[in-house]
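Student: give me the fold of what follows.
(one chain, ligands or ions: 2)
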Amino acid sequence: MANQGHDLPLYEKIWVKRKFQRVIDTLILVLLLLLLSYRLFSSNNFTFPWFLAFICESWFTFTWIVILNTKWSPAVTITHPNRLLLRVPESEFPPVDLLVTTADHVLEPPIITVNTVLSLLALDYPTNKLACYVSDDGCSPLTFYALMEASKFAKFWVPFCKKNCVQVRAPFRYFSDIATNKSEDSLEFKQEWLQMKDMYDNLCQKIEEVTGKTIPFQLDGEFAVFSNTDQRNHPTIIKVILENMGDLLDGLPHLIYISREKRPQYHHNYKAGAMNVLTRVSGLMTNAPFILNVDCDMFVNNPKIVLHALCILMDSQRGKEVAFVQCFQQFYDGIKDDPFGNQWMITFKNIIMGMAGLQGPFYGGTNAFHRRNAIYGLYPDEIESERKGKLEEKILIEKFGSSKEFIKSSAQALGGSAFSANDITTFNFIEAATQVSNCEYEYDTCWGKQVRKTETNIFFKQN
Ligand SMILES: O=c1ccn([C@@H]2O[C@H](COP(=O)(O)OP(=O)(O)O[C@H]3O[C@H](CO)[C@@H](O)[C@H](O)[C@H]3O)[C@@H](O)[C@H]2O)c(=O)[nH]1
Ligand SMILES: [Mn+2]
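Tutor: Ligands and ions are numbered 1, 2, ... in the order given. Modelled structure (predicted):
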């Protein structure tokens, strides 16, 4: 029994049948070619309008050929987390860093970010292997305050979700779904549910209260670092909100707040800049081999998502060729039957599934698990052979910048030993992390050029 499932693949590509659509698509192509030949051979009147029409139709035919190729063999990827659980003991699961970006506490209210973070902290994965890093480009004490309050709520919310196998672990979605409290639920559950709802309402109220005030609270104590700061002009602020002390399995993951340095004379490169800083800071503290990236207005709707992604990334045969695993984005509160196509279903069915049948769809900018060493510029065929050449200190400094601690951690990540956590302590972490978050850190390095450029195969994974 123990060996059951050991020979079965961790993921499979299922080809979607579309014979009928193929016939229709080919028919359209034939009609387009007929139209072009008609234009060319049955007209003696080569005027400017004729030429214009011919150019447009040729271009359309060309794009149709490209689309036809993309759509030809669509596929979906099915993962088997149960097989992974049989094969890899929980203690050997790799660490995963969870990166969240937020930029403006007015446009992206802190309660939204809080929900994203709570859904990540409550993932079904050993908590001592998870670390959540929040980048705040708004440098907002409100966001920091909201996260501090959320961390207190998480101590109750996370065990509640795990105990009751809650599916959607962003509280605002969970509590807005009236079906969650059903008549057949036990009395004990109902009481817990009510208690939890009270606590969540309380959290919302606290955050709303400070958000509504012109001067929300005194900038002293933990908040003193936010005094005299401006969104576009401030030093780096890093705060460890939660620390999983002593590698507690049933504790909470690390939660770290980062507001990278901003100065008017340096361009901050929006989300890309924030992601670069998050990659470096997480590299210093936890250096997980896999990185999940989500925007602050998203939440995880499948608590086992890490296991699903690992099925692909840890597959013994093809896993190493995969630079990232991406989940299709779904949008909540959509209109019935989606008349305006906001759910992107047509793009999904026609283009994205088609690309999944080829090498895989392009990176959509979010909802993806990246291999850290792919972000650091390592190609799969270099993993064994050429890696050594890339580990010379001089090359590493040119590529990753001057931080000694970060060089050490990136060498570990590139050297394949990233499964062991970095030996940096919280004590020296802040100093090193501040250095790699400064706005001139990337100058004359490969950040934004070779580093963070992802290549190789990508796969689509359906929830
Ligand atoms: O200076 C900035 C600007 C944006 N962001 C964050 O980047 C994310 C995406 O920005 P948003 O303005 O929400 O863009 P969208 O068009 O909604 O985002 C989609 O398109 C982007 C690429 O254009 C991707 O990066 C996103 O992941 C994808 O969701 C959000 O979390 C922002 O908080 C920053 O951290 N710093
Ligand atoms: Mn957005």
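Student: only C-alpha atoms for contact and neighbour calcs from this point on.
Tutor: Noted.
Student: who in the stretch 101-250 of the chain is up against ligand 1?
Tutor: 101-103, 137 (C-alpha under 6 Å from any ligand atom).
Student: in strands, which of those fall?
Tutor: Judged by DSSP state E, these include 101-102 as members of strands.
Student: buried residues in stretch 172-179, which are they?
Tutor: By neighbour count with 16 or more other C-alpha atoms under 10 Å, stretch 172-179 contains the buried residues 172, 174-175.
Student: how about the strands in the stretch 101-250 of the chain?
Tutor: Applying DSSP state E, counting those that start in this stretch to the stretch 101-250 of the chain gives strands spanning 130-136, 237-242.
Student: what's the most buried one of those strands?
Tutor: Most buried of the strands of the stretch 101-250 of the chain by mean neighbour count (mean count of other C-alpha atoms under 10 Å) is strand 130-136; its value is a mean of 25.
Student: contacts for that strand, please.
Tutor: 95-104, 117, 120-121, 143, 253-260, 274, 278, 282, 286 (C-alpha atoms under 8 Å, 6 or more residues apart in numbering).
Student: return the subset of those lying in helices.
Tutor: Mapping the contacts of strand 130-136 onto helices (DSSP state H) picks out 117, 120-121, 143, 274, 278, 282.
Student: these: which two are farthest apart?
Tutor: Leu121 and Ala274 (20.5 Å; C-alpha to C-alpha).
Student: who's more crowded, those two?
Tutor: Ranked by neighbour count (other C-alpha atoms under 10 Å), Leu121 and Ala274 place Leu121 first, with 27 against 24.
Student: look up how far Leu142 lies from the more buried one.
Tutor: As judged by C-alpha to C-alpha, to the nearest Å, Leu121 and Leu142 stand 20 Å apart.
Student: could you check the pLDDT of the residue nearest to Met148 when sequence neighbours are not counted?
Tutor: Nearest non-adjacent residue to Met148, counting by C-alpha to C-alpha, 6 or more residues apart in numbering: Ile241, 6.3 Å away. At Ile241, the pLDDT value in this model is 96.
Student: how about Ile241, what does it touch?
Tutor: Ile241 touches 147-148, 151, 254-257, counting by C-alpha under 8 Å, 6+ apart.
Student: repeat that for Lys404.
Tutor: In this structure, Lys404 makes contact with no residue, judged by C-alpha under 8 Å, 6+ apart.
Student: separation between it and ligand 1?
Tutor: From Lys404 over to ligand 1 the distance is 26 Å, taken as C-alpha to the nearest ligand atom, to the nearest Å.
Student: again, but for Gln450
Tutor: Going from Gln450 to ligand 1 by C-alpha to the nearest ligand atom gives 18 Å.
Student: swap in Phe175?
Tutor: 23 Å.
Student: quick one: closest of the strands of the stretch 101-250 of the chain to Val306.
Tutor: With C-alpha to C-alpha as the yardstick, what comes closest out of the strands of the stretch 101-250 of the chain is strand 130-136 (10.1 Å).
Student: sheet partners, orientation included, of that closest one?
Tutor: strand 96-102 (parallel), strand 254-259 (parallel) (DSSP bridges).
Student: so can I have CSV of those strands showing mean pLDDT?
Tutor: Compiled in CSV, these are given as follows (pLDDT from 0 to 100):
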stretch, mean pLDDT
strand 96-102, 98
strand 254-259, 97
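Student: deepest-packed of those, please.
Tutor: strand 96-102 (a mean of 26).
Student: what sits up against that strand?
Tutor: Residues contacting strand 96-102 (C-alpha under 8 Å, 6+ apart): 108, 113, 117, 120, 129-138, 271, 274-275, 278, 282, 286-296.
Student: just stretch 38-57 next, same as before
Tutor: Counting by C-alpha under 8 Å, 6+ apart, 32, 36 sit against stretch 38-57.
Student: first-to-last residue distance for it?
Tutor: 11 Å.
Student: and it, how far from the chain's centre?
Tutor: The chain centroid and the centroid of stretch 38-57 are separated by 49 Å under C-alpha atoms, centre = their mean, to the nearest Å.
Student: for that stretch, list every residue counted as buried.
Tutor: Buried, per 16+ other C-alpha under 10 Å, within stretch 38-57: 39, 54, 57.
Student: next one: stretch 85-92
Tutor: So for stretch 85-92, counting by 16+ other C-alpha under 10 Å, buried means Arg87.
Student: for the stretch 101-250 of the chain, what spans make up the helices?
Tutor: Counting by DSSP state H, counting those that start in this stretch, the segments of the stretch 101-250 of the chain that form helices are 110-121, 141-163, 171-176, 187-212.
Student: most tightly surrounded among these?
Tutor: Highest mean neighbour count among these (mean count of other C-alpha under 10 Å): helix 110-121, a mean of 25.
Student: just give me the neighbour total for Glu382.
Tutor: What Glu382 shows, counting by other C-alpha under 10 Å, is a neighbour count of 14.
Student: what's the closest non-adjacent residue to Phe156?
Tutor: Met196 (7.7 Å).
Student: got a pLDDT number for that neighbour?
Tutor: At Met196, the predicted lDDT confidence score is 97.
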